[in-house]
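Q: Test case, fold it:
(one chain, ligands or ions: 1)
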Amino acid sequence: MAAAVLELKKIERSYRQGADRLTILQDADFALVPGEMVALVAPSGAGKSTLLHLAGLLEAPDAGEVVIGGRACGRLNDDQRTAIRRNEIGFVYQFHHLLPEFTAEENVMIPQMVTGMAPGEAKGRALQLLDYLRVGHRAGHRPAELSGGEQQRVAIARAVANAPRVLLADEPTGNLDPVTAGYVFDALEALVRQSGLAALIATHNHDLARRMDRVVTLEGGKVVPFRH
Ligand SMILES: Nc1ncnc2c1ncn2[C@@H]1O[C@H](COP(=O)(O)OP(=O)(O)OP(=O)(O)O)[C@@H](O)[C@H]1O
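A: You can find the predicted model right below:
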């Protein structure tokens, strides 16, 4: 089996709630290998977003280690974590979070230019990705002029613009009607399969979850296989 691109090792995470502590993750382990698509299905409030934030270095665990591409991230400083987040991790959220004043193409160019890529090259890759996700014909439009499904496909293109190793998605089709959700998921799946990216996708949609390689859930603070 290929080496994991994302590993969570003995992760602990709890939140203070008034006088109490709410334990979300306790001794949680998880690993994701290249080319793998894993669904994270758990009830609301179970800690899906927390797990994705920890995996994406947006939050730090209370204990345990997040390892990305073989590199333990716990002792890295903010700049080093930001660099890993920019280059190795792509995020897709339930709401697209595209920049409203910029076109679809520009939204996909910006993260590339932040890492120093020349505008011409960034534009070429943006158009290629938008075409691949079947929104190339909408490249010159601003987010408000796009449908929900188109917005999410642009958000996916943006998330993979820097060719990350890991894609983390939090309910990426949660705002869409079932048919549009299916189309957006088709595009996401094709991209993951074609690029060898590893994806962890939180979803409430069991039909989409079944199409992934594995389905996991959160139980007793641990990541465990989902059983029907
Ligand atoms: N910063 C915080 N401070 C205190 N409690 C928090 C914080 N973030 C999350 N929580 C609590 O931790 C629990 C898990 O939250 P999380 O957002 O990870 O759940 P989720 O499984 O993603 O839920 P949903 O499906 O509704 O998005 C919730 O009970 C939430 O209220």
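
Q: which residue is nearest the centroid of this structure?
A: Leu168 (1.7 Å; Cα atoms, centre = their mean).

Q: Which stretches in this structure count as strands?
A: 6-17, 20-32, 37-40, 63-68, 71-72, 89-92, 166-170, 198-202, 214-219, 222-225 (DSSP state E).

Q: okay, now Lys9: neighbour count?
A: 17 (other Cβ atoms under 10 Å). All C-beta atoms are positioned from the backbone trio N, CA, C, and that covers glycine.

Q: Touching, Thr217 and Leu40? I think so.
A: Yes - taking contacts as Cβ atoms under 8 Å, Thr217 lies within contact range of Leu40: 7.2 Å.

Q: picking that back up, isn't the residue nearest to the centre of the chain up against Gly90?
A: Yes - judged on Cβ under 8 Å, Leu168 makes contact with Gly90 at a distance of 7.1 Å.

Q: how much distance is there from stretch 52-69 to the middle of the chain?
A: 13 Å (Cα atoms, centre = their mean, to the nearest Å).

Q: pLDDT score for the spatially closest residue to Val135 that is not a sequence neighbour?
A: In space, and not counting its chain neighbours, Val135 is closest to Arg153: 4.7 Å by Cβ to Cβ, 6 or more residues apart in numbering. pLDDT for Arg153: 93.

Q: how about Arg153, what does it touch?
A: By Cβ atoms under 8 Å, 6 or more residues apart in numbering, Arg153 lies in contact with 130, 133-135, 184, 187.

Q: Over to His141?
A: 103-104.

Q: ok, now with 6 Å
A: His141 makes contact with Ala104 under the criterion Cβ atoms under 6 Å, 6 or more residues apart in numbering.

Q: separation between the residue nearest to Ile201 when sequence neighbours are not counted and Glu7?
A: Sequence neighbours aside, Ala169 is the residue nearest to Ile201 in space, at 4.4 Å (criterion: Cβ to Cβ, 6+ apart). As judged by Cβ to Cβ, to the nearest Å, Ala169 and Glu7 stand 19 Å apart.

Q: And the two? Which one has more around it.
A: Ala169 (28 against 20).

Q: Confirm for me that that one is in contact with Gln94.
A: No - taking Cβ atoms under 6 Å as the definition, Ala169 is not a contact partner of Gln94, at 8.9 Å.

Q: could you say what helices and strands the longest helix along the chain packs with?
A: The helix that spans the most residues within the chain, counting by DSSP state H, is helix 178-195. Judged by 3 or more Cβ pairs under 6 Å, 6 or more residues apart in numbering; DSSP states H and E, helix 178-195 is in contact with helix 148-159.

Q: Next, the angle strand 198-202 makes with the helix it packs on.
A: If you take axes from the mean of the first three to the mean of the last three Cα atoms, to 10 degrees, helix 148-159 sits at 140 degrees to strand 198-202.

Q: can you pull the alpha-carbon coordinates of helix 148-159 into PDB?
A: Extracted C-alpha coordinates of helix 148-159, given in PDB (Å, rounded to 0.1, in the frame of the first residue of the first chain):
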ATOM      1  CA  GLY A 148     -25.000  26.900  -7.500                       C
ATOM      2  CA  GLY A 149     -23.600  23.900  -9.300                       C
ATOM      3  CA  GLU A 150     -21.300  26.000 -11.400                       C
ATOM      4  CA  GLN A 151     -20.100  27.900  -8.300                       C
ATOM      5  CA  GLN A 152     -19.200  24.700  -6.600                       C
ATOM      6  CA  ARG A 153     -17.300  23.400  -9.700                       C
ATOM      7  CA  VAL A 154     -15.300  26.700  -9.800                       C
ATOM      8  CA  ALA A 155     -14.600  26.300  -6.000                       C
ATOM      9  CA  ILE A 156     -13.300  22.700  -6.700                       C
ATOM     10  CA  ALA A 157     -11.100  24.100  -9.500                       C
ATOM     11  CA  ARG A 158      -9.700  26.700  -7.100                       C
ATOM     12  CA  ALA A 159      -9.100  24.100  -4.400                       C
END
